[in-house]
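J.: Kindly generate the corresponding structure for this input.
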Amino acid sequence: MALADNALTTVADVKTYMGVTGSTDDTLIETLINNVSDQIERWCDRKLKESSFEEFIDGRATRTLAVANPPLVSVDLVAFGARDAITVGSTDSTDLQASVSVSSTSVRLVRVASNGDETATTHTFASNKTTALLATAIDGTTGFSGTSVFNAPSNIMHRMGGRDVLVNTANLSVPDDAESEYRIDYERGFIHLRADAFPRSHEIPNLNRFPDQFQSVLVRYTGGYSTVPNALVQAAFELVSDAFRGRDRDRYVQQESVGDYSYTVRPVAEWSAAVLQLLAPFRRIR
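T.: Reported below is the predicted structural model:
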């Protein structure tokens with residue numbers, strides 16, 4: 001096992017904090033760091049270490065919105081609206097079902113043949129970086145047709161659940177309006193819209209405001225901490241140390257094993273007031 005990308009500290013630093021020498025417990029400590037880092041991120045409701053994100057945000061007809069993972073390091077794109085990028089249809093009229101869905105990482109095609117057999121095919125954005133490539137991959141999937149309408153990065157496609165394509169084609173869309181003037185509060189992760197260059201007629205009542213629609217605004221950005229703040233590191237130290245030293249006594253909470261060791265990570269309800277105080281400034285309030 002290795003430290004996860006979101007690990008808030010290192011094995012060496014934890015061992016120094018606990019006064020542990022030698023490498024006998026390194027694997028256990030590594031696992032505890034990964035588990036504790038996950039727990040802290042879930043409690044804070046955000047990613048904490050610097051990473052890249054494509055995030056769809058509810059506009060709410062406001063001029064200011066907040067990303068989920070501040071602080072902002074850079075913002076590459078703020079876009080809204082919709083433009084068809086791919087049309088998807090069915091090519092087998094005997095199928096009982098055919099649908100397409102879009103997640104944050106891929107397009108999923110599901111068909112149920114006339115004999116009831118179900119086939120699911122996934123085309124990832126990593127392997128099809130543009131919507132033109134993705135359309136070609138869809139078109140090459142048995143039972144489906146895919147046509148490129150507009151070429152764009154595939155990972156900015158609007159997310160949607162399964163849409164039937166037996167009767168009508170489905171349109172997979174991307175945000176099309178990126179011609180806006182905005183300002184950024186890097187530390188707090190706020191984006192403030194000053195002016196939208198091309199408002200549509202139906203958006204006039206909300207001129208120069210983000211659309212009042214579910215997940216209507218796409219923000220591509222780099223966010224999180226390049227250097228983990230000391231308070232987060234200290235909280236990780238204390239939770240890892242607590243789990244490490246109590247691995248043989250806390251039998252009333254969920255346990256896991258690594259090699260010959262058993263250990264527990266306390267649930268949030270049992271975290272000390274000191275740990276919660278360290279984490280409180282980093283918690284996302286929706």
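J.: Let me see the backbone angles for Leu8.
T.: Per-residue torsions, Leu8: phi -90, psi -10 (degrees, to the nearest 10).
J.: residues touching it, list them.
T.: 33, 36-37, 40, 48-49, 228, 232-233, 235-236 (C-beta atoms under 8 Å, 6 or more residues apart in numbering). To be clear about C-beta, it is placed using only N, CA and C from the backbone, and glycine gets the same treatment.
J.: Could you list the low-pLDDT ranges of the chain?
T.: 1, 197-206, 248-269 (pLDDT under 70).
J.: Swap in 50 and give it another go.
T.: Across the chain, the ranges flagged by pLDDT under 50 are 250-253.
J.: Counting residues, name the longest helix you see in it.
T.: When the chain is parsed with DSSP state H, its longest helix is helix 26-44.
J.: Next SSE downstream of that helix?
T.: Counting by DSSP states H and E, the next helix or strand C-terminal to helix 26-44 is strand 51-57.
J.: which SS state does Cys146 fall under?
T.: If you look again at residue 146, you'll see it is Gly, not Cys. Gly146 falls in the strand class when you classify it by DSSP: H, G, I helix; E, B strand; the rest coil.
J.: show me what contacts it?
T.: So Gly146 contacts 86-88, 134-139 (C-beta under 8 Å, 6+ apart).
J.: The closest residue to it other than its chain neighbours: helix or strand, and which one exactly?
T.: Nearest non-adjacent residue to Gly146, counting by C-beta to C-beta, 6 or more residues apart in numbering: Ile138, 2.9 Å away. Assigned by DSSP H and E, Ile138 belongs to helix 131-139.
J.: Give me the residues contacting that helix.
T.: Counting by C-beta under 8 Å, 6+ apart, 85-86, 88, 100, 107, 109, 123, 125, 127-128, 144-148, 150-154, 157, 172, 174 sit against helix 131-139.
J.: As a check, name the ranges of all strands in the stretch 101-250 of the chain.
T.: Counting by DSSP state E, counting those that start in this stretch, the stretch 101-250 of the chain has strands at residues 106-112, 118-124, 144-148, 160-164, 170-174, 180-185, 190-196, 217-223.
J.: Figure out which of those strands is closest to Ala243.
T.: Comparing the strands of the stretch 101-250 of the chain against Ala243 with C-beta to C-beta, the closest turns out to be strand 217-223 (28.4 Å).
J.: Strand partners (parallel or antiparallel) of that closest one?
T.: strand 51-57 (antiparallel), strand 72-79 (antiparallel) (DSSP bridges).
J.: Redo these as CSV? Include mean neighbour count and distance to Thr21.
T.: As requested, the strands paired with strand 217-223 are arranged in CSV below (neighbours: other C-beta atoms under 10 Å; distance: least, C-beta to C-beta, whole Å):
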stretch, mean neighbour count, distance to Thr21
strand 51-57, 16, 33
strand 72-79, 16, 37
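J.: With distance to Ala113 added, can I get these in CSV?
T.: Below are the strands paired with strand 217-223 laid out as CSV (distance: least, C-beta to C-beta, whole Å):
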stretch, distance to Ala113
strand 51-57, 34
strand 72-79, 39
